[in-house]
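Student: Please find the sequence and the predicted model below.
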Amino acid sequence: MNDAPERHPHDVLVIGAGGAGLRAAIEAAEQGASVGLVCKSLLGKAHTVMAEGGVAAALGHVEEHDTWQVHFRDTMVGGKLLNNPRMAELHAKEAPDRVRELEYWGAVFDRTRDGRILQRPFGGHTYPRLAHVGDRTGLEMIRTLQDRAVAAGIKVYMECTVTHLLARPDRVKGAFGYWRTTGQTVLFPAKAIVLATGGIGRAYQVTSNSWEYSGDGQALAYLAGAELIDMEFVQFHPTGMVWPPGVRGLLVTEAVRGEGGILRNKDGERFMWKYLPEDRRHEYAATDEEASRWVDAQSSGQTTDARRPPELSTRDNVARAIYTEVREGRGSPHGGVFLDISYLPPEHVRRKLPSMYDQFKELADVDITAGPMEVGPTTHYMMGGIRVDAETGATTRTGLYAAGEVAAGMHGANRLGGNSLSDLLVFGQRTGAAAAADAATQPEMPHVDPTAVRAAAAELAAPFGSGEEEGDAGGDDPYRVHEELQATMGSLVGIFRNEEDLDEAIRLLADLRARWDGIRIAGGRAYNPSWGLVYELRNMMIVAEAVARSAKERRESRGAHSRLDFPELDPAWATKNNATRLSGGTMEIVATALPPLPDDLRQLITTEAH
Ligand SMILES: Cc1cc2nc3c(=O)[nH]c(=O)nc-3n(C[C@H](O)[C@H](O)[C@H](O)COP(=O)(O)OP(=O)(O)OC[C@H]3O[C@@H](n4cnc5c(N)ncnc54)[C@H](O)[C@@H]3O)c2cc1C
């Protein structure tokens with residue numbers, strides 16, 4: 001093993017090759033920057049590829065009344081007005097162009113009868129708005145972006161994990177990590193760095209996320225002195241698989257409900273009627289018959305005056321409803337509820353939801369065209385993350401940018417389905433442009449402090465103790481610590497929270513953090529997943545602590561954050577984001593002012609859509 005790290009300097013280094021990273025890298029390369037794109041698994045293996053339901057944009061193809069103003073309003077209402085209003089505005093205005101651009105680059109979306117991009121309904125969206133490719137939208141998006149990135153000559157570093165950012169007081173100057181294949185360390189000096197590493201789902205046991213989502217970008221930014229916000233807002237998607245145990249948490253796309261899926265408890269009751277928020281009840285169908293008319297109109301591509309079914313309430317609301325039904329003893333045999341789409345023609349279900357059909361057939365031996373699925377909430381998406389400037393994606397640390405799920409502000413207290421894929425495109429593009437412009441102002445490649453590189457390398461070597469390559473572990477086991485972390489987050493910082501549980505979680509997390517230093521692993525450096533887990537654990541512990549501490553501070557219930565001891569919205573919290581900062585070596589949570597909502601945008605929120 002060569003102790004000196006490989007060295008790969010770039011004008012712009014993008015860490016993360018999902019939709020946000022790819023879109024940022026393409027933009028930076030098109031502005032003339034030399035771009036490096038790092039991802040810890042293979043190119044194309046990101047969460048974006050798993051996205052099923054679609055990408056939200058007010059194209060107005062299915063419902064001509066749809067405009068950016070209605071999309072903005074829906075996003076803000078869904079986010080309980082805690083969104084950064086400028087981000088929500090830019091997103092609603094620019095998403096249609098970003099989707100058309102994707103089509104121009106070769107993405108083939110499902111079509112309307114007159115040949116335009118088809119759009120499907122989703123929870124919290126007033127009109128059918130999600131451009132989609134069956135239930136494999138993310139795959140088409142990644143395929144298109146990857147082709148474009150490769151053609152733009154971007155240098156891709158696959159199976160390479162970034163573990164440290166190297167920063168000086170004036171700006172961030174580089175990144176350090178290792179090749180998973182060999183264990184060789186690698187240094188990326190860079191004039192500007194974009195973090196696009198996605199979410200934090202692996203801090204929880206039941207999750208729709210895969211192994212990459214360990215909060216790396218949030219933790220790297222925090223350790224480099226950047227600010228995180230809104231960390232209390234973790235989205236629990238209402239419908240994950242609950243059976244068999246090996247696939248618990250795997251996503252059942254909201255498109256099932258968008259296509260007419262009905263939720264029932266064990267008594268056959270369509271329970272969502274009971275859980276619609278009073279102030280929005282008028283937006284939903286009043287009877288089964290009206291909901292059926294809406295579904296018929298959707299499947300035949302007709303417009304209708306019928307309102308949408310109650311299952312298309314926002315995710316936070318549906319997740320709480322399912323959780324409550326199960327807790328009160330009305331759940332299905334495996335601890336979920338029933339989701340039924342089998343009343344629609346089988347060929348329609350197979351055409352609209354091919355992945356869901358295969359997923360249930362292969363994993364649970366359930367034919368969804370013949371009977372209901374069992375579903376329950378699963379940790380899905382992180383609304384909180386790195387604080388960014390709306391226009392540029394700049395973090396609070398000079399030279400460091402962020403886009404995609406790792407960044408915060410766009411979705412407020414709760415994200416609407418479909419708004420992540422559009423977020424990646426809009427802010428990926430803006431952030432790539434801004435990072436390239438920043439890099440262009442730096443005449444020299446930054447000098448990376450060799451002491452910082454040596455310190456990062458020493459931290460990487462520490463879990464091997466003195467016995468590297470000799471197979472003698474000793475110390476604490478990273479897998480055990482991970483399981484305990486997940487159990488703590490699932491039971492004490494889940495859908496419903498209270499002060500006592502949060503205090504207990506903070507105490508347990510501190511104990512786990514103390515054990516982290518004593519973790520020892522066996523084996524060598526090449527393809528050693530235990531070694532990778534040690535640094536992912538460091539990151540998950542940071543984000544877990546930020547979630548628990550921020551959740552404790554917000555003494556109200558808003559969006560995805562539900563406090564049993566403070567069940568109502570509190571107007572005093574309506575204009576505040578909790579910021580998480582590293583201060584004197586410890587984590588500090590400070591309430592900061594939400595960017596003001598200009599009057600013209602405020603008016604859009606109070607205006608009802610047609
Ligand atoms: C099953 C599922 C279905 C979904 N369906 C939809 C949908 O229909 N519509 C919608 O809008 N949203 C959907 N979402 C959410 C959406 O897919 C994600 O929020 C979005 O794809 C995140 O994109 P990203 O570019 O921010 O991150 P990702 O696409 O996850 O990419 C993260 C990248 O960062 C890399 N990485 C992470 N850490 C490191 C590190 N330390 N070093 C180097 N590289 C690193 C990873 O390897 C990966 O390349 C879904 C999510 C899931 C899980």
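Tutor: Perfect, I can see it now.
Student: where in the stretch 401-550 of the chain is pLDDT low?
Tutor: Filtered on pLDDT under 70, the stretch 401-550 of the chain yields the residue ranges 466-474.
Student: what residues are up against residue 357?
Tutor: 349-350, 367-369 (Cβ atoms under 8 Å, 6 or more residues apart in numbering). To be clear about C-beta, it is placed using only N, CA and C from the backbone, and glycine gets the same treatment.
Student: got it, and residue 227?
Tutor: Residue 227 makes contacts with 386-387, 395-396, 579-581, as judged by Cβ under 8 Å, 6+ apart.
Student: Quick check: the residue in the chain that the ligand sits nearest to vs residue 184, distance?
Tutor: Of all residues in the chain, residue 18 sits closest to the ligand, at 1.9 Å by Cβ to the nearest ligand atom. As judged by Cβ to Cβ, to the nearest Å, residue 18 and residue 184 stand 25 Å apart.
Student: Would you mind telling me which of those two has the busier surroundings?
Tutor: residue 18 (30 against 17; other Cβ atoms under 10 Å).
Student: my guess is that one meets residue 423, correct?
Tutor: No: Residue 18 is beyond contact range of residue 423, at 11.5 Å (criterion: Cβ atoms under 8 Å).
Student: Please enumerate the shared neighbours of those two.
Tutor: With Cβ under 8 Å, 6+ apart, residue 18 and residue 423 have common neighbours residue 404.
Student: in stretch 446-461, what counts as buried?
Tutor: 446, 448, 452-453, 456-457, 460 (16 or more other Cβ atoms under 10 Å).
Student: Wait, a strand at residue 580?
Tutor: Yes: under DSSP: H, G, I helix; E, B strand; the rest coil, residue 580 sits within a strand.
Student: follow-up on the earlier one: out of the contacts of residue 227, grab the one that's most surrounded.
Tutor: Neighbour-wise, those (other Cβ under 10 Å) top out at residue 580, 31 neighbours.
Student: Quick one: the strands in the stretch 51-200 of the chain, in order.
Tutor: Taking DSSP state E, counting those that start in this stretch as the test, the strands found in the stretch 51-200 of the chain are 55-56, 119-120, 130-131, 155-157, 160-167, 172-179, 185-195.
Student: meant to ask about the stretch 301-450 of the chain
Tutor: 337-340, 373-382, 385-387, 400-402, 407-408.
Student: interface residues of the stretch 151-300 of the chain facing the ligand?
Tutor: 161-162, 196-198, 208-209, 212, 216, 251 (Cβ under 6 Å from any ligand atom).
Student: just the residues you listed: which has the poorest pLDDT?
Tutor: Within those, residue 212 has the lowest pLDDT, namely 86.
Student: Touching, that residue and residue 46? I think so.
Tutor: Yes: Residue 212 is in contact with residue 46 according to Cβ under 8 Å; the separation is 7.0 Å.
Student: intersection of neighbour lists for the two?
Tutor: Contacts common to residue 212 and residue 46, judged by Cβ under 8 Å, 6+ apart, are residue 198.
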